[in-house]
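> Quick one, structure for this:
(one chain, ligands or ions: 1)
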Amino acid sequence: MLKIKDLHTHIEQFHILQGVNLEVPEGSVTVVLGRNGAGKTTTIRSVMGFYPNVKGDILFQDQSILQQPPYTIAKHGIGYVPEDQDIFAGLTVEENMRVAMRKEDDKTRERQEWLLDLFPDLKLAWKRKGGHLSGGQKQMLSIARALVNDTPLLLVDEPSKGLAPIMVEKVMEAMNVIRETTTILLVEQNFIMASQLGDYFYMIDDGQTVFEGEMKLLQEDEGLRKKYLGIA
Ligand SMILES: Nc1ncnc2c1ncn2[C@@H]1O[C@H](COP(=O)(O)OP(=O)(O)OP(=O)(O)O)[C@@H](O)[C@H]1O
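Numbers count the residues shown, from 1 in each chain. Predicted coordinates:
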């Protein structure tokens, strides 16, 4: 569904991505792994069109989306949940959802109902301002905002970051339901979450893809985990 070919991203004078190659098969959860500063967030943000200086190619459903602006990329049906959530602190949960909607048709309302069943915490906090939500609720709202539109592909950047274990559990359960209808590209440092959700993984190191395979390969290979992730 998504193919990233020999991606090079420059940010100002820095050559940050230096050859990222990655494929996300339709219906899969594909996880991007790597140490801090390896280039995982830059990869996702490059797909979303946030940087002007990107070379190589990015294909979504076999069409190049390279150099398109973020709003066009979102309109193709690519949802994005950024690392530090993208909710409006001064708006209620309800208002945050309405602002995210590209259309207010029956299908969008149906998706919203489905999302509120998936995240009952959001239903309970419906009239609460975004700034007053817990970290977990903010993450749920950020995911719900991305999925309220027709979103065949979801890019999620470290959904477990900074969350209490109970919230990590809830977000993971929701992702397990979301995967039934949505292809997912996930950046995740929490290896338990990554390995439980992921079908495939790509290891990025120093701005390059250095290893890829089925997740079970990484689960079985302690040496590989130590070498690139520093974990046993
Ligand atoms: N706006 C920027 N200006 C300069 N350097 C940047 C900028 N954004 C990212 N970088 C650098 O690019 C490299 C990759 O950063 P990136 O955020 O993609 O890493 P990451 O793998 O997602 O790590 P983390 O898990 O810490 O978020 C880092 O060395 C970072 O300092």
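
> So which helix or strand of the protein has the lowest pLDDT on average?
Across the helices and strands of the chain, mean pLDDT, DSSP states H and E gives its lowest value to helix 222-229, namely a mean of 84.

> hey, where'd the strands end up in the chain?
2-11, 14-24, 29-33, 53-60, 63-64, 78-81, 153-157, 183-187, 200-205, 208-214 (DSSP state E).

> Now render the ones you listed as a markdown table, adding mean neighbour count and mean pLDDT.
For every residue, glycine as well, the C-beta is placed using N, CA and C. Formatted as a markdown table, the strands of the chain follow (neighbours: other C-beta atoms under 10 Å; pLDDT from 0 to 100):
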| stretch | mean neighbour count | mean pLDDT |
| --- | --- | --- |
| strand 2-11 | 18 | 98 |
| strand 14-24 | 18 | 97 |
| strand 29-33 | 25 | 97 |
| strand 53-60 | 17 | 97 |
| strand 63-64 | 10 | 96 |
| strand 78-81 | 24 | 96 |
| strand 153-157 | 23 | 97 |
| strand 183-187 | 24 | 97 |
| strand 200-205 | 22 | 95 |
| strand 208-214 | 16 | 95 |
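
> Now tabulate these in CSV and tack on distance to residue 121.
As requested, the strands of the chain are exported to CSV (distance: least, C-beta to C-beta, whole Å):
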stretch, distance to residue 121
strand 2-11, 30
strand 14-24, 28
strand 29-33, 23
strand 53-60, 31
strand 63-64, 37
strand 78-81, 16
strand 153-157, 18
strand 183-187, 21
strand 200-205, 29
strand 208-214, 33
